[in-house]
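Participant: Quick one, what's the 3D model for this:
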Amino acid sequence: MDIDIDAIRRVVEEADVFIVRFALIEQRLLVDTRPDAAGQPYISLVPPVNSAEERYRFLRRERPDVPLPAQITVFQWPGPITVLKDTGVWQFIENRVAGIGGDAAIEAARRVFVDGQRLEREDTLAAIRGGEGYQTLWERAR
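Facilitator: Numbering: from 1, shown residues only. Down below sits the predicted model:
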């Protein structure tokens, strides 16, 4: 896995809004570092969309008190979400949201990470069992 950690760090530290697309789950990590009326950034796993316009509509619904961003930066994360932590990228994300929303933002980020791990486990089990979105290639004789 060839990942430019410095480029990702720059995105996390500088972009107002960024999205991480994962290889193993369809949900995206959406981080909007602009504080809302309560002084909190937004960090959540969100469903994929079909266009930038759809993502902007999503942001308008989720954060009606925050103006739409000038741009949204998107990058692909090629491995499991746990590798975000192993490479230090997750710490960059936690540091960024903590600098805006303090302990509440750190807790929100940690919940998102745990949810991401759970979704990846569920997806892996679905792949093994031939669940929704997967087709079993070999089945044990009964």
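Participant: who does the lengthiest helix in the chain touch, helix- and strand-wise?
Facilitator: Ranked by residue count under DSSP state H, the longest helix found in the chain is helix 89-129. Other helices and strands packing on helix 89-129, by 3 or more C-beta pairs under 8 Å, 6 or more residues apart in numbering; DSSP states H and E, are helix 5-14, strand 28-32, strand 42-46, helix 81-86. Heads up, the C-betas are built off the backbone N, CA and C, glycines and all.
Participant: looking at those, which is buried most?
Facilitator: Mean neighbour count (mean count of other C-beta atoms under 10 Å) peaks for strand 28-32 among the helices and strands packed on helix 89-129, with a mean of 23.
Participant: Any stretches of the protein with poor pLDDT?
Facilitator: Judged by pLDDT under 70, the chain has its weakly predicted residues at 1, 131, 133-139.
Participant: one more time with 50
Facilitator: Scanning the chain for pLDDT under 50 picks out nothing.
Participant: Centroid-nearest residue for it?
Facilitator: Central residue of the chain (C-alpha atoms, centre = their mean): L29, 1.3 Å from the mean position.
Participant: So in terms of bridging, what pairs with the residue nearest to that one when sequence neighbours are not counted?
Facilitator: Spatial nearest neighbour of L29, chain neighbours left out: V20 (4.0 Å); criterion: C-beta to C-beta, 6 or more residues apart in numbering. Here V20 sits in beta bridges with L29, F75, as judged by DSSP bridges.
Participant: likewise S44?
Facilitator: Here S44, judged by DSSP bridges, has bridge partners L30.
Participant: so it sits right up against L30, yeah?
Facilitator: Yes. S44 is in contact with L30 according to C-beta atoms under 8 Å; the separation is 5.7 Å.
Participant: need the contact list for the residue lying closest to A98 once chain neighbours are set aside.
Facilitator: Excluding its sequence neighbours, the residue lying closest to A98 (C-beta to C-beta, 6+ apart) is I106, at 4.9 Å. Going by C-beta atoms under 8 Å, 6 or more residues apart in numbering, I106 touches 94, 97-98.
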